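Colleague: Provided below are the primary sequence and the corresponding predicted coordinates.
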Amino acid sequence: GHYGRGSTNAHTHTHTMAVFSLYVVNKAGGLIYHRTFVKDVRLFDDNTYLRVASTFHGMHAIARQLSPTKGSSGLSSVQADTFSMHCFQTLTGTKFFVVADLHARDVESLLQNVYEVFVDYALKNPFYEAEMPIRCELFDINLDATIAGYNSKVL
Amino acid sequence: GSLLLSLVRAVTMIFDLYIYNRRGVCLYYKAWNADRKHKNEGETQRLMYGMLFQMRQFVRSISPRADTKTFTSYKTDKYSLHFMETTSGFMFVMNTDPAARDVADVMRHIYAEIFVEYVIRNPLYEPQTPIDYSLFKDNLDDYVSSLSIFRS
C-alpha cells in the first residue's frame, strides 16, 4: 500500500539551516510517511522514497553492529558534504528522520516535537493503525506548523 | 605550532582506525580503545566497507542537492564514525567519542604525514597488501597518543 504523503508545503524559500523533509519508518523498515517542506530541492518518485526508508532502516541497525564500544544505539545523525540527516527512534522502533541543511542545529529537540505531534494526532487517533501509513490531516497540519516554526526561526 | 593545536584539539577518545584501498581490501586496522571485541575481525572489516559504500550511495540518493558527493561522518549515542576518501582511492575510517571535533584534520595528518610517508613512499611496500611496518605503526601510535594527552 502507499505510505502516507503530506502534500509538499512550500513555505520556506531560503535553505540556511532549515529542515527540508521528514521520513517516518515503521519497525519493519517500511515507509509510513514522507513530506517535503521547502521548494527548490530535488524530489523523487514514490519508489525512491520507499527504498530510502528501507536502506536507512538497515544502516541504522548496522551502525550498532559496527560500534567499537558497548551499548551503542543505531544511527542518530549523518553528515554529508552538503547536508545533514538526523534520526530519532522510539522505544517501539518507529524512526523519524529529517533531511536538513548542513548547519542545522537543535534538530534533536525538533524531532522530539515531531514525535509529540505523532503521538497526539496519529497514535491517539482511533482510526490510525500502528505501523501503517499515516493519513491524518491533523498530523499534516500540526507537523507543518512545527517545521514552519523551526524553519522560520533559523532564517 | 602543533603543540598548541594539540592543546585545543577536542578529540577525547579515539577508538580505532581502518584503512581500505579502492578495492575494499582492509590494509590496516588498529584499535586503541575499542572495548567491544568482534568475534571475526575480517567479517567486521567487510561489513564496515559495505556500510561505507552503501552510506556514500545513500547520501547521494536522498540529497536535496545535485552536487552531493559523499558523507563525512555519522553518529550514534556512543560513537562517531569519520570517513575520508583520498584522491588516490584510499579510505580512512576513524571511530571516536561522539563529541570529538576536528577529526578530519587528524585523518588528513595520518594520511599525508604517516601513511604516505611510511607506506606509499616505502620502495619495499607491495601495493594493496596489508601494512606491517613498525615505522608506520610506531609513528601512528605516537601521533594518536599525543592527541589523547590533552583531554578536555
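Modeller: Cool, got the structure. Residues are numbered from 1 along each chain as shown, chains lettered A, B, ... in the order given.
Colleague: who are the neighbours in contact with residue A:69?
Modeller: B:15, B:33-36, B:78-79 (Cβ atoms under 8 Å, 6 or more residues apart in numbering or on different chains). In short, each C-beta sits where N, CA and C put it, glycine included.
Colleague: among the residues you listed, who's most crowded?
Modeller: Comparing those by number of neighbours (other Cβ atoms under 10 Å in any protein chain shown), residue B:79 comes first, having 24 neighbours.
Colleague: and the next element down the chain from the helix or strand of chain B with the lowest mean pLDDT?
Modeller: For chain B, using mean pLDDT, DSSP states H and E, the weakest element among its helices and strands is helix B:2-8, scoring a mean of 55. The helix or strand immediately downstream of helix B:2-8 is strand B:14-20, counting by DSSP states H and E.
Colleague: which strands and helices sit next to the helix or strand just after that following strand?
Modeller: Once the chain leaves strand B:14-20, the next helix or strand it forms, by DSSP H and E, is strand B:26-31. Using 3 or more Cβ pairs under 8 Å, 6 or more residues apart in numbering or on different chains; DSSP states H and E as the contact test, the elements touching strand B:26-31 are strand B:14-20, helix B:41-62, helix B:134-149.
Colleague: mind listing what residue B:47 touches?
Modeller: Counting by Cβ under 8 Å, 6+ apart, residue B:47 makes contact with A:62, A:65-66.
Colleague: Roughly how far does it sit from residue B:29?
Modeller: Distance, residue B:47 to residue B:29, by Cβ to Cβ, to the nearest Å: 13 Å.
Colleague: Next: residue B:41.
Modeller: Per Cβ to Cβ, residue B:41 is found 7 Å from residue B:29.
Colleague: do residue B:99 as well
Modeller: 24 Å.
Colleague: Give me the more crowded residue out of these two.
Modeller: Set residue B:99 next to residue B:29 and count neighbours by other Cβ under 10 Å: residue B:29 wins out with 19 against 12.
Colleague: okay, that one: pLDDT?
Modeller: In this model, residue B:29 is scored at 96, pLDDT.
Colleague: list the contacts for the spatially closest residue to it that is not a sequence neighbour?
Modeller: Spatial nearest neighbour of residue B:29, excluding adjacent residues (Cβ to Cβ, 6 or more residues apart in numbering or on different chains): residue B:18 at 5.3 Å. Going by Cβ under 8 Å, 6+ apart, residue B:18 touches B:26, B:28-29, B:45, B:48, B:91-94.
Colleague: How about residue B:61?
Modeller: Taking Cβ under 8 Å, 6+ apart as the criterion, residue B:61 is in contact with A:44, A:48, A:51-52, A:55.
Colleague: Next: residue A:85.
Modeller: Shown in contact with residue A:85 (Cβ under 8 Å, 6+ apart): A:77-78, A:97-100, B:59, B:62.
Colleague: quick one: which of those sit in strands?
Modeller: A:77-78, A:97-100 (DSSP state E).
Colleague: Is residue A:17 in contact with residue A:101, as I believe?
Modeller: Yes - checked against Cβ atoms under 8 Å, the pair residue A:17 and residue A:101 is within contact range at 4.8 Å.
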